[in-house]
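Chemist: Turn this into a model:
(chains A and B)
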Amino acid sequence: MQTLTISDVTMIYERPRTHERFRAIDRVSMTIEKSSFVSIVGPSGCGKSTLLAVVDGLIQPSSGSVQMDGRPVTAPGPDRAMVFQEASLLPWFTTVQNCAYGLECQGISRKEAQQRAMPLLEMVGLKGFEHCYPGELSIGMQQRANVARALAVDPDVLLMDEPFASLDAQTRELMQSELLRIWDQTQKTVLFITHQLDEAIYLSDRVLVMSGRPGHIIDDVVIPIERPRSLDIKRTQEFAAIEQRLWDDLRSEIESELAPATAADVRS
Amino acid sequence: MVTGVVEGEVWDPETLEARALSRVLRRIKDRERVLVPTAALVVFLVAWQLASTFGLINQLFFASPSAVISSGYHLVQTAQFWSDFRVSVIEFVVGYGMALASGLAAGFALGWFWRLRFIFRPWVDALNSIPGIALVPLVLIWFGLGFSSKIALIFLITFPVIAVNMYTATSSINPQYLRVGRSFGCPKFRLLRTIVFPSIAPFAFAAARIGVGRGVSGVVVGEYFAANSGLAYRLLQYGNDRQTGLLLFDALFITVVALGAFRVVSTVEKRVLHWRHVGSHSAFGADNT
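Modeler: Now for the predicted structure:
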């Protein structure tokens, strides 16, 4: 029972003025089972967000394809919804208007869209803040609203692009366990991007490791820790061992990125 | 005694009198933002009046406040004053209205379609950077002396600044918001309505506010060169006649009307962009969960 198949996706960009071409991601393939939680980790600038944008249909890959249940993805669709990295709530809409936005884009009436958004706001713990503007919410609350907006369109796959990157450590941990609770309730397929190794392990059934640019998959780790998971598992031996393995995968990538700069420093 | 032993009783800062006093002081402190400038204005006016009365300022060059007030008192009772007022207001409303509507539309088009921007931007920038008064001879050749030449002048002075502000705003819409719209499959027209227009609305109002100042100077310049009525035409006349009391009153009146127009734009802005005027407390309030 597969949901999302990414096969041989390559993304080549051309720099605007120099016309220099560079490969952002290189032949990335993966199959993501329905209702599973899969994370992608990798050094910054490795093309994780590009891959997610391809899956969402926001950009077209240079070669390769993405398929949902066997149907090719060519544009954004209601079967996938993105939770963006930064503050991406529309500041001129209240929380409930923001959450209803995706539904309204599908042509559902404002009234019905807002009615359908309400229970999701409650699920993410924003009851009582429906009529606040994003400027009145903390960053953590904004990201909750962001999650609710994506869930409101009832997608099969939730695409999350470093959604907790700008939160402080305590809030992030809290949001991680909230996300697991929501995932458990909704049974969505989640493709989650992060550069926090512990976040990826704690949340996921499977963690894929991407190399530095051009990004390709260098490791595929199944997380055998049983669910439901408490935050305490982050301090277990098993958890540390997986984190060590991921770190070993990434270390050489990060070191090779840094290498040229170091050599130059030595020469000067 | 500072330590406060009064006739064997410990002086209690919480006595009724002390509380009443501190309340008065606090009330004064709360109104400081109004009281201080008002007091400064009063001091300035008194000093000006005294300087005039004791001959430090020649009345022929600069009227005293009392002379301004008495000239104004007589002026507002004349029919001519109000017909001048009407003429100027109509010029402003028509010229500014045309400049605002077309400036917003043209600026948006230049910001949205980069080819248009490449073609027309230098012209709009050039028009925006030359002083309006430099255009007077050309406008007089085109439109002659009369209503249309004044409207043309107001338009030429006001339009470019609005257009420039609009194309800058339109070409710098946060791409993240557009990505959100596209990700949710938002149809193009709805994207304009729900993301593009709200993004540029604050800049449109800023442009409208800057445009008020430009529009008023357009009225003044227009009436200096191509009019036989209007508040600014009268300003020039009073100057020629050395009637500084009337001149200053007229200038003050134009200023007040301009400020009123400015206020109208700000009020509409506050109504329309109410989302911008909430949540200023959130930088310090709201816990981070």
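
Chemist: contacting residues for B:Val161?
Modeler: Counting by Cβ atoms under 8 Å, 6 or more residues apart in numbering or on different chains, B:Val161 touches B:103, B:128, B:207, B:210-211, B:214. Backbone N, C-alpha and C define where each C-beta goes, glycine included.

Chemist: And those, which is closest to B:Ala232?
Modeler: Checking the contacts of B:Val161 against B:Ala232 by Cβ to Cβ gives B:Arg214 as the nearest, at 14.4 Å.

Chemist: which one is the closest one nearest to, not counting chain neighbours?
Modeler: B:Thr158 (4.4 Å; Cβ to Cβ, 6 or more residues apart in numbering or on different chains).

Chemist: isn't the one you found right up against B:Leu100?
Modeler: Yes - counting by Cβ atoms under 8 Å, B:Thr158 sits close enough to B:Leu100 to count as a contact (7.5 Å).

Chemist: more neighbours, those two?
Modeler: B:Thr158 (32 against 21; other Cβ atoms under 10 Å in any protein chain shown).

Chemist: Look up how far A:Asp220 lies from that one.
Modeler: 63 Å (Cβ to Cβ, to the nearest Å).

Chemist: Surely A:Leu250 and A:Gly42 touch.
Modeler: Yes - here A:Leu250 lies in contact with A:Gly42, judged by Cβ under 8 Å, at a distance of 7.3 Å.

Chemist: which neighbours do the two share?
Modeler: Residues touching both A:Leu250 and A:Gly42 (Cβ under 8 Å, 6+ apart): A:Val209.

Chemist: Between the contacts of B:Val161, which sits nearest chain A?
Modeler: Set against chain A, the nearest of the contacts of B:Val161 by Cβ to the nearest Cβ is B:Ala207 (18.0 Å).

Chemist: Local confidence estimate at that closest one?
Modeler: Note for B:Ala207: predicted pLDDT of 94.

Chemist: ditto for A:Ala75
Modeler: Value for A:Ala75, per-residue pLDDT: 88.

Chemist: Can you give me the neighbour number for the closest residue to it other than its chain neighbours?
Modeler: Leaving aside its chain neighbours, A:Ala75 sits nearest to A:Gly57 (4.5 Å; criterion: Cβ to Cβ, 6+ apart). Neighbourhood size, A:Gly57 [other Cβ under 10 Å]: 21.

Chemist: Roughly how far does A:Gly57 sit from B:Ser66?
Modeler: Distance from A:Gly57 to B:Ser66, by Cβ to Cβ: 75 Å.

Chemist: Figure out the helix or strand that A:Arg27 lives in.
Modeler: strand A:21-33 (DSSP states H and E).

Chemist: List the contacts of that strand.
Modeler: A:1-15, A:38, A:46-47, A:50-51, A:54, A:64, A:157, A:189, A:191, A:205, A:208, A:210, A:213-217, A:220.

Chemist: go with 6 Å
Modeler: A:2-14, A:38, A:47, A:50-51, A:214-217 (Cβ atoms under 6 Å, 6 or more residues apart in numbering or on different chains).

Chemist: and residue 265, what pLDDT?
Modeler: This is for chain A. 45.

Chemist: Chain B, not that one
Modeler: Looking at B:Val265, the pLDDT reads 93.

Chemist: Let me see the contact set for it.
Modeler: Per Cβ under 6 Å, 6+ apart, neighbours of B:Val265: B:208-209.

Chemist: Look up how far B:Val219 lies from it.
Modeler: For B:Val265 relative to B:Val219 (Cβ to Cβ), the value is 16 Å.

Chemist: If anything else comes up later, I'll come back, but that's it for now.
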